[in-house]
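**Student:** Here's a sequence, model it:
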Amino acid sequence: MAPSFLVVLIGVYLFIAWTLWISLSSSAMLPRYDFVGLEQYVRLWNTPRWHTAVINLFLFTGLFLAVTIALGLLMAILLDQNIRAEGVLRTVYLYPMALSFIVTGTAWKWVLNPELGVEKVVQSWGWDTFAFDWITRPETAIYCVVIAAVWQSTGFAMAIFLAGLRGIDSSIIKAAQIEGASLPRIYASIIVPLLRPAFLSVIVLLSYISIKSFDLVLALTNAGPGGSTEMPSTFMFAYTFQRNQMGVGAASAIMMLMTVAAIIIPYLYSELREDTHGH
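**Tutor:** This is a model prediction of the structure:
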């Protein structure tokens, strides 16, 4: 265990500590190792672009989680009905997850482009007034990011929910059927509540994906138009490597780390508490 522990210690935790120190320094284009307290954090939260990034993160995460969980659960329930070609359908649903977010973003950029994608195709069918230009409008571009992310991650959520459904004791369902409960009532009142561990896993993993969604935004919108799809990850990259404000970029990275910790720590606490009670 010692070599792997050393690699993690240096490659992860040492650089986290270094980033924290940079965020407390006056670093600009190059790192400095003085101490200025929370000055970079004050500058960060006084930057309107960071406010846009935070608002977009909450909007994107909320919609991404809600739609992905709903569609993933629905597809898992449908596949759990012992339908034909289940293996083929499961592979089709899971295939987008095998693609990188760069590929997904590039593909959806073509699909959503008014001059190449859906709008162009529908207009060529005769609906000349049809318009689907969300990706070019600042007020709707963030929803295009949601669409692409949902398409990529729904199969992943479906796989976790399907594994949870297959782990439920069938005798519980049979007992409910004997009592006269309908199938929708069985799922709503018995099966879905039993999927709590699956829901927790999906929420944590999808939240982590949404927070670090750098490559998808970069490939799909490049944080545009006009910075309307800015996310904390793209903000950190821009301020660190393009605007030469390393201290502000490090501060934004630490804020992202704190957000991830706020999600992961309660989840780990819940899991460890269940294991302790289980033993």
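**Student:** Now do the contacts for the most centrally placed residue in the chain.
**Tutor:** By C-alpha atoms, centre = their mean, the chain has its centre lying nearest to Ser210, at 2.4 Å. With contact set as C-beta atoms under 8 Å, 6 or more residues apart in numbering, Ser210 has these partners: 57, 60-61, 64-65, 149. (Each C-beta comes from the backbone N, C-alpha and C, glycine too.)
**Student:** what's the helix or strand for the closest residue to it other than its chain neighbours?
**Tutor:** Nearest residue to Ser210 in three dimensions, chain neighbours excluded: Thr61, at 4.3 Å (C-beta to C-beta, 6 or more residues apart in numbering). Here Thr61 sits within helix 48-79, counting by DSSP states H and E.
**Student:** And that helix, what's buried?
**Tutor:** If you call a residue buried by 16 or more other C-beta atoms under 10 Å, then helix 48-79 has these buried ones: 49-50, 52-54, 56-57, 60-61, 63-65, 67-69, 71-73, 75-77, 79.
**Student:** ditto for stretch 161-168
**Tutor:** For stretch 161-168, a neighbour-count test (16+ other C-beta under 10 Å) marks 161-162, 164-165 as buried.
**Student:** For it, give the mean pLDDT please.
**Tutor:** The average pLDDT within stretch 161-168 is 88.
**Student:** pLDDT weak spots in the protein?
**Tutor:** Applying pLDDT under 70 to the chain flags residues 274-279.
**Student:** what are the ranges of the strands in it?
**Tutor:** Using DSSP state E, no strands are found in the chain.
**Student:** Distance of Ile10 relative to Leu65?
**Tutor:** According to C-beta to C-beta, to the nearest Å, Ile10 stands 34 Å off from Leu65.
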